[in-house]
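# got a predicted model here, sequence first, then my questions.
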Amino acid sequence: MQELRLKASELLLREEWHDSVQVYTQFITLCRSHICNSPHLTKIQRSLCLGLSNRAEAHFRLRDPDKALRDCNQALEIEPTHYKSLLGKGRILFALNRYSAALLCFKSALLEDPQSNETLNGYIEKCKKLESLSRTGAFDLTDWVLNGFRGKTPELAEYVGAVKIKRSDELSGRGLFATKNMDAGTLVLVTKAIATERCILSNEEEDSAENAQLVMWKSFIDQVSDSAAKCTWIRRLISTLSPGDDEASLEIPETELFKGELTEECGESEPDLSSDDLLNILDVNSLVEDSVSAKVLGKNSDYYGVGLWVLASFINHSCIPNSRRLHVGDYVMVHLSKDVKAGEELTFSYFDVLLPLEKRKEMSQTWGFSCHCRRCRFEEGFWADKQELKEIDFGGVIFRIEEAMKRWNVRGREKGYLRASFWGVYEDGYASVKRWGRRIPASDVVVESVAEAVGSDERLLKVLMRDMTNKSGVLEIERAMKLGKGVYGKVVKKKSLRSLIGVEVQEQKVY
Ligand SMILES: C[S@@+](CC[C@H](N)C(=O)[O-])C[C@H]1O[C@@H](n2cnc3c(N)ncnc32)[C@H](O)[C@@H]1O
C-alpha cells in the first residue's frame, strides 16, 4: 500500500495526470478493502481521504470536474474539515463559475489553517469580487481599453441581467426577453464559453485559410464533446439548446438555470446527448466572434474565432436588432444597442442587416431559417409591386431612393428600414457628399433613422464621424457618443469610449 501511495504521489508531482489517476484508483480500492467501521478516524481512513483528494486534483487537471468533485465530496465525508479537499473543491467550483459555493469552501479551509498561504486568501478575494460582479453586473473595462488592451484581460464573471427566456411568438422557438425598461448600452448578460477555438487567417491563400477554418471547427467540436462528456452540468446546459427543427415544441428552461450558483453539485440527472444531437446543436448555436453584431476587444483583426456561449444562444436574430456583443477573452458580453421596453424580445444580428431584403434572405437561408422579423415582413409585402426601386443599380442614387419613398408615402421608422436595406448606397453617396448637396438628406438624419431601425453599428458611427470633420459641434459629439455607447456598451466608460471612436480629436476642435 505504501508503495502504491508513493508511486501515485510521484506521478502527481510529475504532472502525469492519467497515470496518477490509475495508481490512485488502485490505492483507493486497497484502502477501502482494509477499512473497518470505527467511530474514530483511523490511519487508513486518513490515507483514503488523502488519496481521494489527490485523485481529485488529477481529475481536475484532466478537465473532468464531475469526477474531481465526486472525489472531493467523498474525502470530505470521511473528514469534513480536510484542508486539501476543501481547497480542491473550492478550486473546482471556482472554475465552474460557482463563486458563492467556492467561497464557502475556501473560508472553511481558512478556518482549518488560519496562517494559511497567499493562494487561499487570493482565491477568497477573487471569489468575493467575482460573486459581486455576477450579482451586480458592474463591469468596467475602461483601464484595459485605455491601456490599448495591453496586460491581462480583465477578470469577468458570468452575469444574468434583467432578462428571461420565453416563447418567441414573433420569431421562432424560445427567445430572450427584457424584464424591465433599459437604455442603450445596458449590459444584459455575460457568459463564459463552453469552448472557443481561434486561428489567425492573415496572409493565407484562400484554400489554406479554408483548411485552417476546418481544422479549427474540428478541434472546437472535439472540445465541446469532451466537456459535455465529462461534465453533467455542461451536458445539461447544452441539451437545453435548439437542434434547429421543430423549435415550437422545445421546452422553455428556467432562466435561473443559467445563474450557475443554484446548482450545488454537478447534477443528479443524466441528460441524454447523442453525438448527432450535439452536432446539430453546434450547427445552430455556435457564434463566430468577429461577426457584424460583435466586436472582439483586444485581438488583432486577422483573427477568426468560434465559440459556444449557452445563454447567448437563446437570442434570436432580427434585421432590426436591439443588442450587440463584445467578446473579451472567453466571455461574451451582450448589451443593448437601442433603448428597450420591458417585455421586448432581445435580438442581435447573425449576419449583416445593412443589406437589401434579397441579400438578407440569402444569408438567413445559409443559416437554415427564413427571417420572421418585422422589417422582413414589411419589405416582403412592400416590394411586391415595386420592381422599379428593387432593381436599382446598387451603387446608384440616394436621391432616387428618397424621392421614391416620398412618392410611396413611406414614413417614420419604415423609412429607416428601407434606408438600412440600401445602406451601401448611402455610405458611398455620403463619401462624395458635395456632389449631392442639399438634394439628399443630411447624413446625420439618415444615420439616426437607420440606427433607430437596426441599432448602433460601427459603420453608422463611421459616417457620422467622417461628417463631423466637416461640421463638428457639441450636439454631433453627443450623438456620436450615444451611438458609440450602443456599439461598445456601458462596460466601456466615457473616457475609453472617446478614444475608441476618436471623439477626442473632434472635441479639441470644438472647445
Ligand atoms: C441560436 S438559436 C436561437 C434560439 C432559438 N429560437 C431557440 O428556441 O433555442 C437559432 C435558431 O433560432 C431560429 N431563429 C432565430 N432568429 C430567427 C428569425 N429572425 N426568424 C426565424 N427564426 C429564427 C432559427 O431556427 C435558428 O436556427
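Ah, there it is.
# care to break this protein down by domain?
Domain segmentation of the chain under automatic domain parsing yields 2-136, 142-348, 357-510.
# next, format those domains as CSV and append mean pLDDT.
Compiled in CSV, those are given as follows (pLDDT from 0 to 100):
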stretch, mean pLDDT
domain 2-136, 89
domain 142-348, 88
domain 357-510, 82
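# got the ones you listed as TSV, with mean neighbour count columns?
In this view, the C-beta of every residue, glycine as well, is placed from N, C-alpha and C. Compiled in TSV, the domains of the chain are given as follows (neighbours: other CB atoms under 10 Å):
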stretch	mean neighbour count
domain 2-136	18
domain 142-348	18
domain 357-510	17
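# okay, these in TSV with distance to the ligand next?
As requested, the domains of the chain are arranged in TSV below (distance: least, CB to the nearest ligand atom, whole Å):
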stretch	distance to the ligand
domain 2-136	21
domain 142-348	3
domain 357-510	4
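# all helices for the stretch 151-300 of the chain, in order.
Secondary structure of the stretch 151-300 of the chain (DSSP state H, counting those that start in this stretch): helices at 206-230, 232-238, 275-285.
# for residue 80, which of those is the nearest?
helix 232-238 (23.5 Å; CB to CB).
# list the helices and strands that closest one packs on?
helix 65-78, helix 206-230 (3 or more CB pairs under 8 Å, 6 or more residues apart in numbering; DSSP states H and E).
# residue 31 against residue 51, yeah?
Yes: contact status for residue 31 versus residue 51: in contact at 6.1 Å, counting by CB atoms under 8 Å.
# with respect to residue 296, which of the helices of the stretch 151-300 of the chain lies nearest?
When these are compared by CB to CB, helix 206-230 sits nearest residue 296, at 15.0 Å.
# what's the angle from the closest one to helix 275-285?
Counting by axes from the mean of the first three to the mean of the last three CA atoms, to 10 degrees, helix 206-230 lies at 120 degrees to helix 275-285.
# helices and strands around helix 206-230, which ones?
Using 3+ CB pairs under 8 Å, 6+ apart: helix 206-230 touches helix 65-78, strand 195-200, helix 232-238, helix 275-285, strand 303-308.
# residues contacting the helix or strand following the first one, please?
Same thing as helix 65-78. Downstream of helix 65-78, the next assigned helix or strand under DSSP states H and E is helix 83-95. By CB atoms under 8 Å, 6 or more residues apart in numbering, the residues outside helix 83-95 that reach it are 49-50, 52-54, 56-57, 60, 65, 68-69, 72-73, 75-76, 79, 99, 101-103, 105-106, 108-109, 112-113, 120, 123, 126-127.
# now helix 83-95, how far from the centre of its chain.
26 Å (CA atoms, centre = their mean, to the nearest Å).
# over to stretch 326-336?
5 Å.
# next one: stretch 121-132
22 Å.
# the residue nearest the centre of the chain and residue 35, how far apart?
The centre of the chain sits closest to residue 332, judged by CA atoms, centre = their mean, with a distance of 2.5 Å. In this view, residue 332 and residue 35 are 48 Å apart by CB to CB, to the nearest Å.
# swap in residue 48?
Separation of residue 48 from residue 35 (CB to CB): 7 Å.
# what does residue 440 give?
86 Å.
# with residue 152 instead?
46 Å.
# and residue 104, by the same measure?
To residue 35, residue 104 is 28 Å away according to CB to CB.
# got it, and residue 241?
44 Å.
# what's the answer for residue 92, then?
25 Å.
# and residue 365, by the same measure?
63 Å.
# please report phi then psi for the closest residue to residue 361 other than its chain neighbours.
Spatially, and ignoring its direct neighbours in sequence, residue 361 is nearest to residue 370 (7.0 Å; CB to CB, 6 or more residues apart in numbering). Per-residue torsions, residue 370: phi -110, psi 130 (degrees, to the nearest 10).
# residue 370 is in contact with residue 364, isn't it?
Yes: counting by CB under 8 Å, residue 370 does reach residue 364; the two are 5.7 Å apart.
# residue 285 against residue 240, yeah?
No: when contacts are counted by CB under 8 Å, residue 285 is not listed as touching residue 240 (10.2 Å).
# what sits in contact with each of the two?
residue 310.
# so residue 336 makes contact with residue 323?
Yes: assessed by CB under 8 Å, residue 336 is found in contact with residue 323 at 5.5 Å.
# who touches both of the two?
The contact sets of residue 336 and residue 323 overlap at 188, 346, 455 (CB under 8 Å, 6+ apart).
# for the closest residue to the last one other than its chain neighbours, grab phi and psi.
Closest residue in space to residue 455, ignoring its immediate chain neighbours: residue 337 at 3.2 Å, by CB to CB, 6+ apart. Note on residue 337: its backbone torsions stand at phi -110, psi 0 [degrees, to the nearest 10].
# quick one: residues contacting residue 337.
By CB under 8 Å, 6+ apart, the neighbours of residue 337 are 184, 321-324, 348, 455-457, 486-487.
# which elements pack onto the helix or strand harbouring residue 21?
According to DSSP H and E, residue 21 maps onto helix 17-34. Judged by 3+ CB pairs under 8 Å, 6+ apart, helix 17-34 is in contact with helix 2-13, helix 43-61.
# which residues touch stretch 221-228?
By CB under 8 Å, 6+ apart, stretch 221-228 touches 63, 194-195, 197, 234-235, 238, 273, 275, 278-279, 282, 308.
# can you tell me how far residue 348 is from residue 184?
Counting by CB to CB, the gap from residue 348 to residue 184 is 13 Å.
# among the helices and strands packed on helix 17-34, which is nearest residue 215?
Per CB to CB, nearest to residue 215 of the helices and strands packed on helix 17-34: helix 43-61, 25.4 Å.
# show residues contacting that closest one.
1, 5, 8-9, 12, 15, 17-18, 20-21, 24-25, 27-28, 31-32, 34-36, 38, 65, 67-69, 71-72, 74-75, 78-79, 82, 84-85, 88-89, 91-92, 95.
# just stretch 104-119 next, same as before
Residues contacting stretch 104-119 (CB under 8 Å, 6+ apart): 81-83, 86-87, 89-90, 93, 120-121, 123-124, 127.
# now the end-to-end length of it.
Terminal residues of stretch 104-119 are spaced 15 Å apart (CA to CA, to the nearest Å).
# tell me which element residue 362 falls in.
Short version, using DSSP H and E: residue 362 is in helix 357-366.
# list the helices and strands that helix packs on?
helix 374-383.
# what angle do the helix it packs on and helix 357-366 make?
130 degrees.
# show me what helix 374-383 is in contact with.
170, 318-320, 353, 357, 360-361, 390, 414, 417-418, 420-421, 453.
# switch to 10 Å and redo it
170-171, 318-321, 353, 356-358, 360-361, 364, 370-371, 373, 389-391, 408, 410, 413-414, 416-418, 420-421, 453-454 (CB atoms under 10 Å, 6 or more residues apart in numbering).
# equivalent analysis for stretch 277-286, please.
Contact partners of stretch 277-286, identified using CB under 10 Å, 6+ apart, comprise 173, 193-197, 217, 220-221, 224-225, 228-229, 235, 238-245, 247, 271, 273-274, 306-310, 312-314, 367-369.
# switch to 8 Å and redo it
With CB under 8 Å, 6+ apart as the test, stretch 277-286 has contacts from 220-221, 224-225, 228, 238-239, 241-244, 306-308, 310, 313, 368.
# as a markdown table, the helices and strands packed on helix 232-238 with distance to residue 294 would be great.
A markdown table is the format used below for the helices and strands packed on helix 232-238 (distance: least, CB to CB, whole Å):
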| stretch | distance to residue 294 |
| --- | --- |
| helix 65-78 | 29 |
| helix 206-230 | 17 |
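# so which of those helices is nearest residue 400?
Using CB to CB, the nearest of the helices and strands packed on helix 232-238 to residue 400 is helix 206-230, at 36.5 Å.
# from memory residue 360 sits against residue 354, does it?
No: counting by CB under 8 Å, residue 360 stays clear of residue 354, with 9.5 Å between them.
# any common contacting residues for these two?
Common neighbours of residue 360 and residue 354 (CB under 8 Å, 6+ apart) are residue 421.
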